[in-house]
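A.B. asks: Provided below are the primary sequence and the corresponding predicted coordinates.
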There are 2 protein chains.
Amino acid sequence: MSHDESEDELRRQILDAAGEMFYSRGIQNVGMDEIRDAAGVSLKRLYRLFGSKDELIAGHLALSDERFHAGLTKHVDAADGQHDKLLAVFDWLASWFAEDDFRGCAFINCYGELGATNAAVVDAARAHKQAVRDRLTRLATEAGSGDELAEHLALLAEGAITTAAISGSPQPARQARKAAATLVQAALGAASHRT
Amino acid sequence: MSHDESEDELRRQILDAAGEMFYSRGIQNVGMDEIRDAAGVSLKRLYRLFGSKDELIAGHLALSDERFHAGLTKHVDAADGQHDKLLAVFDWLASWFAEDDFRGCAFINCYGELGATNAAVVDAARAHKQAVRDRLTRLATEAGSGDELAEHLALLAEGAITTAAISGSPQPARQARKAAATLVQAALGAASHRT
DNA sequence: ACTATATGAGAACGAACGTTCTCCGGCAAG
DNA sequence: CTTGCCGGAGAACGTTCGTTCTCATATAGT
């Protein structure tokens, strides 16, 4: 019952290797043999820990979601003021888009490729996007606005992600930020006039 | 040099059949044999007309682009006033999202699946998205605003497409329209105050 | 009628892939 | 040292798929 590395460490190591290849090349363009090589484990171990490629995909999406929220939290927490915290979301997008291996949203890419045949992928994508909207709703509420502003900002962020991916430029983050500032101004300005 | 059906008709017939399957199921989940069956042609004819699956993919994207612009034109032309023409874009999105086989943007789905291995797909997606932004820029200019508003509306539209696909609801079109109205108001209101 | 070309139906081929199996070496227990 | 189990390396298997080939048939030209 004792190993050189714990099963959790191995799982993480495999998900790291597989995830990077899944994201950069598309899931169906990565074979289990390549994952075995990149992770430095045997096929037997790989299948003992994950059972099937579909489980690996599910794990990859779970890890992506985790990292997404961690990165977002870090940027938002660093901003001062509830107004700025809302806009910090878009600053975080800018830094994400500037990463040299940026290739859009893992969930959207996965949805396009596998959504029609793998229900778990659709569920994971839906849950992830819903969680993002929920976070924006919380931020908007704390800033004194409501659901509607949050949904609008979510649409801007979503659009910026795919536009940045396809155009290959990080600029959409800045444009989205500017549009977001206008919407925040319109929403909070109106609210503060009322109070 | 005479056939029952012209080569152009056959090409269209094949692209229709292939395109529907590509879009609904993902490209790598559709085999050439299935396309042959659905289009009712022989493999030989299929390969004479297209040469390879990659050419079929390129043709599919070209046809998707054509239909996209035709549908958009129809909706925008039906709107009265340059202000309403800008917002008509989002009404058109709403009717698109309500189609029962709606599954997001063919270009984005294709990009996620094949972008890393097929440069033609990336080029087609980039060109398509750029063309959409150009159209919005034209509409925004005619409405008396500039590039910036057009980029912002493009981000909203883009975000609405993927959000509608993944959430499975057409509602993002309405939300995007509302946000767009706010942005248009802010941009044109400011402009008209200046004049 | 005869030849030559073209076509359709589908078999065949070669590669890739997910998954399982074989074989062998190492190691712990007795 | 022997025995029995566990794990690694990778061969093997069965399937799928893009593409090409075979062969029988139909048709056009002379």
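C.D. replies: Nice, I can see it. Numbering: from 1, shown residues only, chains lettered A, B, ... in the order given.
A.B. asks: buried residues in stretch A:179-191, which are they?
C.D. replies: Neighbour counts over stretch A:179-191 (16 or more other Cβ atoms under 10 Å in any protein chain shown) mark A:Ala179, A:Ala180, A:Thr182, A:Leu183, A:Val184, A:Ala186, A:Ala187, A:Leu188 as buried. C-beta coordinates here come from the backbone N, C-alpha and C atoms, glycine included.
A.B. asks: now do stretch A:78-97
C.D. replies: Quick answer for stretch A:78-97 (16+ other Cβ under 10 Å): A:79, A:83, A:85-94, A:96-97.
A.B. asks: just the mean pLDDT for that stretch, thanks.
C.D. replies: Across stretch A:78-97, pLDDT averages out at 95.
A.B. asks: and if you look at stretch A:162-180?
C.D. replies: 98.
A.B. asks: next one: it, is it in contact with chain B?
C.D. replies: Yes. Stretch A:162-180 lies within reach of chain B by Cβ under 8 Å from any Cβ of the partner chain, at A:Thr162, A:Thr163, A:Ala165, A:Ile166, A:Ser167, A:Gly168, A:Pro172, A:Gln175, A:Ala176, A:Lys178, A:Ala179.
A.B. asks: and the pLDDT at the spatially most central residue of chain A?
C.D. replies: By Cα atoms, centre = their mean, chain A has its centre lying nearest to A:Phe68, at 4.3 Å. At A:Phe68, the pLDDT value in this model is 98.
A.B. asks: I figured A:Met21 was touching A:Val30, is that so?
C.D. replies: Yes. Shown here, A:Met21 and A:Val30 form a contact pair, counting by Cβ atoms under 8 Å, at 4.4 Å.
A.B. asks: residues of chain A that sit close to DNA strand C?
C.D. replies: Contact residues (Cβ under 7 Å from any atom of the strand) of chain A with DNA strand C: A:Gln28, A:Asn29, A:Val30, A:Gly31, A:Met32, A:Asp33, A:Leu43, A:Lys44, A:Tyr47, A:Ser52, A:Lys53, A:Asp54.
A.B. asks: how about the secondary structure of the last one?
C.D. replies: Classification of A:Asp54 by DSSP: H, G, I helix; E, B strand; the rest coil places it in helix.
A.B. asks: which ones are touching it?
C.D. replies: A:Asn118, A:Ala120 (Cβ atoms under 8 Å, 6 or more residues apart in numbering or on different chains).
A.B. asks: and the gap between it and A:Ile27?
C.D. replies: Remark: distance between A:Asp54 and A:Ile27 (Cβ to Cβ, to the nearest Å) = 10 Å.
A.B. asks: likewise for A:Leu15?
C.D. replies: 13 Å.
A.B. asks: next: A:Arg103.
C.D. replies: Applying Cβ to Cβ to A:Arg103 and A:Ile27 gives a distance of 12 Å.
A.B. asks: residues of chain A that sit close to DNA strand D?
C.D. replies: Residues of chain A lying near DNA strand D (Cβ under 7 Å from any atom of the strand): A:Val41, A:Ser42, A:Leu43, A:Lys44, A:Arg45.
A.B. asks: just the buried subset of those, please.
C.D. replies: Buried among these (16+ other Cβ under 10 Å): A:Val41, A:Arg45.
A.B. asks: where does chain A get nearest to DNA strand D, which residue?
C.D. replies: A:Ser42 (3.6 Å; Cβ to the nearest atom of the strand).
A.B. asks: surely that residue meets A:Asp33?
C.D. replies: No. At 11.1 Å, A:Ser42 and A:Asp33 do not qualify as touching, with contact defined as Cβ under 8 Å.
A.B. asks: circling back: so what's the residue nearest to the centre of chain A up against?
C.D. replies: Contacts of A:Phe68 by Cβ under 8 Å, 6+ apart are A:His128, A:Val132.
A.B. asks: tell me which residues in stretch A:18-27 are buried?
C.D. replies: A:Ala18, A:Gly19, A:Met21, A:Phe22, A:Tyr23, A:Gly26, A:Ile27.
A.B. asks: same question for the helix or strand the first one falls within, mean pLDDT?
C.D. replies: The one in question is A:Ala18. Using DSSP states H and E, A:Ala18 sits in helix A:7-25. For helix A:7-25, the mean per-residue pLDDT is 94.
A.B. asks: next SSE after it?
C.D. replies: helix A:32-39.
A.B. asks: right, is that next one up against chain B?
C.D. replies: No. Counting by Cβ under 8 Å from any Cβ, chain B is not contacted by helix A:32-39; separation bottoms out at 13.6 Å.
A.B. asks: repeat that for stretch A:76-93.
C.D. replies: No. Stretch A:76-93 lies out of reach of chain B by Cβ under 8 Å from any Cβ, never closer than 10.6 Å.
A.B. asks: that's all I had, so thanks and see you.
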